[in-house]
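Enquirer: I would like the atomic coordinates for the input below:
(chains A and B)
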Amino acid sequence: MSIQETRIVLKNAGKINPLSIDDYIRAGGYAGLRKALQMNPADVIDELMEAGLRGRGGAGFSTGMKQKFTSESCQRCPQRYVVVNADEGEPGTFKDRIIMEQDPHLYLEGTIIAAWAIQATQAYIYIRGEYHESIDKTQKAIEDAYAAGFLGKNILGSGFDLDVEIRLGAGSYLCGEELTMLESLEGKRGNPRIKPPFPAEKGVFGMPTLVNNVETLANAPLIIANGREWYRQFGTERSPGTKIFTISGQVNKPGHYEVPLGVPLQDLIDLAGGMRNGKKFKAALLGGAAGTFVDASMLGEKMTYDNLREKGATLGSGAIIVMAEGDPVYDILHNCLRFFRHESCGKCVPCRVGTTQLVKQADQLKSANGDRKKILEQMVLESQIMAGTSLCPLGQSPILPLESAAKYFSKELCTTHH
Amino acid sequence: MSTQEIIQQFEPKQHNLLHILHALQDAHPENYITEEALEAAAGHLGVTKSTVYGVARYYTMFSLKPRGKHIIRVCASPVCELLHVNDIIAALEEELSIKTGETTKDGLFTLELSECLGQCQEAPSMMINDKIFNNLTSARIREVIQSFKDEARK
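Expert: As a prediction, the model looks like this:
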């Protein structure tokens, strides 16, 4: 197969000792930070914006824009914060874990660059409690970065101070949502905040806060060190750069693969060794539970934020869960709906009641003697209402797998036997 | 370390609450947060006991009930389900003679389900305490459980 990976974010992964800061520096590490500290913070933001970097957590929002808003809001505020979203919990996603386990200094360097860009002197890395190896390796990276003068007071003689601390999650998917993460960081229940205000205006402890994903920040040192033109040679005009896709399920070589944005779905499946034991492709769930099902008609589609959105699908976190002929879409959809029910915090009614109701109806879909088509239509309608009325992305998500499953697999979902 | 000694390691600010709860739970041989510990944490942070209770109840990694020495957390994600994790859960329930959510009579194991553990490249997966176990089969389950039982007998 001709398709190959393009490893820029993962260039060190598996090649250097992730516990050695010397290895990282020998591989060109912290050159981006050195350069950034000699630039104006506003120019750093400008570079990221012009490079076209978009949030790799799933939303795909311009990283430079987000940093600009945060740096410019509330000039009277005594403090600004960077929060690194390392609460990777979207089903089928493990790209951030790979970065944290195999090259922790890369995203730590990106964190320091982001802090310089918005002039924050405190950063928190919020890592999910289950990721022990990521936690340990990040902790070691932080300690070594302090010892080497990349953290602490007067970083590399620039006069800039930054402290970084790890904060632990405790098993809540919802805390991966940026405003909810801020509540959790403050030691509270993970109930979402109403927005606006956005974190850029009023984030953790009421101060302007930049929340960036691990993979997003891992791109920053590369862009600063090599420049926007270099970065834009990868990917497409509107989705520049690479993306780490995590491919799982019915493929021969499940794993993480970094490719330029814009590669067709079929190429990614080929990269992952093709279909397991030569089975026939049936479906893929793109972007995890808060993602969309696609069928074989989408295999040729380019994997970019905008192209997939136009086609009613999602790139999301980069998860690709591959299903083969014979695998039940119903079971996977049911799994997603149970997941939302479990993770709903209960604060707002449409999500609390809606996620419970959708699981009940999914059960009826299996057992009903009546009109299954009507039940499915009702489910889609309810998920639309939830999307329009829920407080946070959790209640707005069931519509994604549900509507797409109904679009491509309604016949299967409405047959009598599952 | 006593409950107070653990709590005193943390600055008395509410943003430390999750870390305090993790530390209290990890230090307890039955892997849970006691009523007394909740009260002590609330006292240290100067918040109500109901605040601490509410936080502890919210996060699934925390338990307010005694659990086994080893916490088994099986990944219940769509990927693991696609790759037949239900057979793995059945094998565990049979091997341990308990249902999901229960603790074995000898207090050695508690069986729980978890959200995606991010090990999808080698699904199905589970964690026992801090350790990941991938590419699970029923045979491998018996092996792993036996090794923990042998360890306990030593």
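Enquirer: what's the distance between stretch A:246-261 and the middle of its chain?
Expert: Centre-to-centre, stretch A:246-261 and its host chain are 16 Å apart (CA atoms, centre = their mean, to the nearest Å).
Enquirer: mind listing what the nearest residue in space to A:Val263 that is not next to it in sequence touches?
Expert: Once flanking residues are discounted, A:Val263 sits nearest to A:Met303: 5.6 Å by CB to CB, 6 or more residues apart in numbering or on different chains. For every residue, glycine as well, the C-beta is placed using N, CA and C. Taking CB atoms under 8 Å, 6 or more residues apart in numbering or on different chains, we find A:Met303 in contact with A:Lys243, A:Phe245, A:Val259, A:Leu261, A:Gly262, A:Val263, A:Pro264, A:Leu265, A:Leu268, A:Leu315.
Enquirer: go through these and name the one nearest chain B.
Expert: Chain B lies nearest to A:Phe245 out of the contacts of A:Met303, by CB to the nearest CB, at 11.5 Å.
Enquirer: what sits against the closest one?
Expert: Contacts of A:Phe245 by CB under 8 Å, 6+ apart are A:Lys95, A:His256, A:Tyr257, A:Glu258, A:Val259, A:Leu268, A:Met303, A:Gly318, A:Ala319, A:Ile320.
Enquirer: save those residues as JSON lines, and put in distance to A:Lys188 and pLDDT too.
Expert: As requested, those are exported to JSON lines (distance: CB to CB, whole Å; pLDDT from 0 to 100):
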{"residue": "A:Lys95", "distance to A:Lys188": "28", "pLDDT": "98"}
{"residue": "A:His256", "distance to A:Lys188": "33", "pLDDT": "98"}
{"residue": "A:Tyr257", "distance to A:Lys188": "37", "pLDDT": "98"}
{"residue": "A:Glu258", "distance to A:Lys188": "36", "pLDDT": "98"}
{"residue": "A:Val259", "distance to A:Lys188": "39", "pLDDT": "98"}
{"residue": "A:Leu268", "distance to A:Lys188": "39", "pLDDT": "97"}
{"residue": "A:Met303", "distance to A:Lys188": "37", "pLDDT": "96"}
{"residue": "A:Gly318", "distance to A:Lys188": "30", "pLDDT": "97"}
{"residue": "A:Ala319", "distance to A:Lys188": "29", "pLDDT": "97"}
{"residue": "A:Ile320", "distance to A:Lys188": "34", "pLDDT": "98"}
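Enquirer: find the nearest non-adjacent residue to the residue of chain B most remote from its centre, please.
Expert: Ranked by distance from the centre of chain B (CA atoms, centre = their mean), the top residue is B:Gly46, with 27.4 Å. Distances taken as CB to CB, 6+ apart put B:Pro12 closest to B:Gly46, at 6.5 Å, once the chain neighbours are dropped.
Enquirer: verify the stated contact: the one you found with B:His44.
Expert: Yes - between B:Pro12 and B:His44 a contact is recorded at 5.3 Å, counting by CB atoms under 8 Å.
Enquirer: the two: which is more packed in?
Expert: More crowded of B:Pro12 and B:His44, by other CB atoms under 10 Å in any protein chain shown: B:His44, with 21 against 14.
Enquirer: can I take it that the more buried one is in a helix?
Expert: Yes - counting by DSSP: H, G, I helix; E, B strand; the rest coil, B:His44 is found in a helix.
Enquirer: so who does B:Cys120 touch?
Expert: A:Gly92, A:Thr93, A:Phe94, A:Thr246, A:Ser248, A:Gly249, A:Pro254, A:Ala319, A:Ile321, B:Ser77, B:Val79, B:Cys80.
Enquirer: filter the residues you listed down to just the ones in strands.
Expert: Here DSSP state E is the test, and the contacts of B:Cys120 give A:Thr246, A:Ser248, A:Gly249, A:Ala319, A:Ile321 as lying in strands.
Enquirer: quick one: name the residues of chain B near chain A.
Expert: Contact residues, chain B versus chain A (CB under 8 Å from any CB of the partner chain): B:13-19, B:21-22, B:45, B:54-55, B:58-62, B:73, B:76-79, B:81-83, B:114-123, B:127, B:130.
Enquirer: what is the burial count for B:Glu94?
Expert: 12.
Enquirer: pull the number of nearby residues for the nearest residue to A:Gly14 once chain neighbours are set aside.
Expert: The spatially closest residue to A:Gly14, leaving aside those adjacent along the chain, is A:Gln102, at 6.1 Å (CB to CB, 6+ apart). Using other CB under 10 Å, the number of residues around A:Gln102 comes to 19.
Enquirer: quick check: A:Ile125 is in a strand.
Expert: Yes - A:Ile125: assigned to a strand according to three-state DSSP.
Enquirer: who's in contact with the most centrally placed residue in chain A?
Expert: Nearest to the geometric centre of chain A sits A:Gly57, at 2.1 Å (CA atoms, centre = their mean). A:Gly57 makes contact with A:Asn85, A:Gly176, A:Asn212, A:Asn213, A:Glu215, A:Thr216, A:Ser317, according to CB under 8 Å, 6+ apart.
Enquirer: buried ones from the residues you listed, can you make that a ChimeraX selection?
Expert: The buried subset of these, as determined by 16 or more other CB atoms under 10 Å in any protein chain shown, is captured in ChimeraX by this line:
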select /A:85,176,212,213,215,216,317
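Enquirer: tell me which of the contacts of A:Gly57 fall in helices.
Expert: A:Glu215, A:Thr216 (DSSP state H).
Enquirer: in CSV: the contacts of A:Gly57, plus distance to chain B and pLDDT.
Expert: Rendered in CSV, the data for the contacts of A:Gly57 read as follows (distance: CB to the nearest CB, whole Å; pLDDT from 0 to 100):
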residue, distance to chain B, pLDDT
A:Asn85, 14, 98
A:Gly176, 10, 94
A:Asn212, 19, 97
A:Asn213, 14, 97
A:Glu215, 13, 98
A:Thr216, 18, 98
A:Ser317, 11, 95
